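>>> Starting from these lines, generate the structure:
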Amino acid sequence: MAQDNEYVQKLIAARDREVAHRRDIAEHLAEKYIRGDTENTREAFIKIQDAIEAIERAVWHERYIAGQKSEPFSPFGFGS
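Numbering: from 1, shown residues only. Predicted coordinates:
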């Protein structure tokens, strides 16, 4: 959204970095199973996904408090 404030823009940039990190971790998860390493990678993937979802909620909230109240909250993402 062109009218997003600086906080939303920073949150979206942070989300984009986390998505790139998630993709790297997913690539590693798709490799051959290595006991211990694969479990640690899976835990990292889950933490990254939790962070992405938290950032998306924060973006929604920033937009909400900025007066852009027409967009309903979705735990599965938002339109940006």
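
>>> for the helix ranked longest in the chain, what is the average pLDDT?
Longest helix in the chain by number of residues (criterion: DSSP state H): helix 37-65. Helix 37-65 comes out with an average pLDDT of 96.

>>> which residues sit in contact with the closest residue to residue 58 other than its chain neighbours?
Once flanking residues are discounted, residue 58 sits nearest to residue 11: 5.4 Å by C-beta to C-beta, 6 or more residues apart in numbering. For glycine as for every other residue, the C-beta is placed from the backbone atoms N, C-alpha and C. Applying C-beta atoms under 8 Å, 6 or more residues apart in numbering to residue 11 gives the contacts 55, 58, 59, 62.

>>> so which helix or strand takes in residue 11?
Applying DSSP states H and E as the criterion places residue 11 in helix 6-29.

>>> Relative to residue 55, how far out is the residue nearest to residue 58?
6 Å (C-beta to C-beta, to the nearest Å).

>>> With residue 19 instead?
As defined by C-beta to C-beta, residue 19 lies at a distance of 10 Å from residue 55.

>>> do residue 35 as well
From residue 35 to residue 55 the distance is 32 Å (C-beta to C-beta).

>>> ok, now residue 37?
Here residue 37 is placed at a distance of 27 Å from residue 55 (C-beta to C-beta).

>>> if you count what's nearby, which of the two comes out ahead?
Neighbours around residue 37 and residue 55, counted as other C-beta atoms under 10 Å, are more numerous at residue 55. The numbers are 20 against 12.

>>> residues contacting the residue sitting furthest away from the middle of the chain?
Within the chain, residue 35 marks the point farthest from the mean C-alpha position, 27.4 Å out by C-alpha atoms, centre = their mean. By C-beta under 8 Å, 6+ apart, the contact set of residue 35 is empty.
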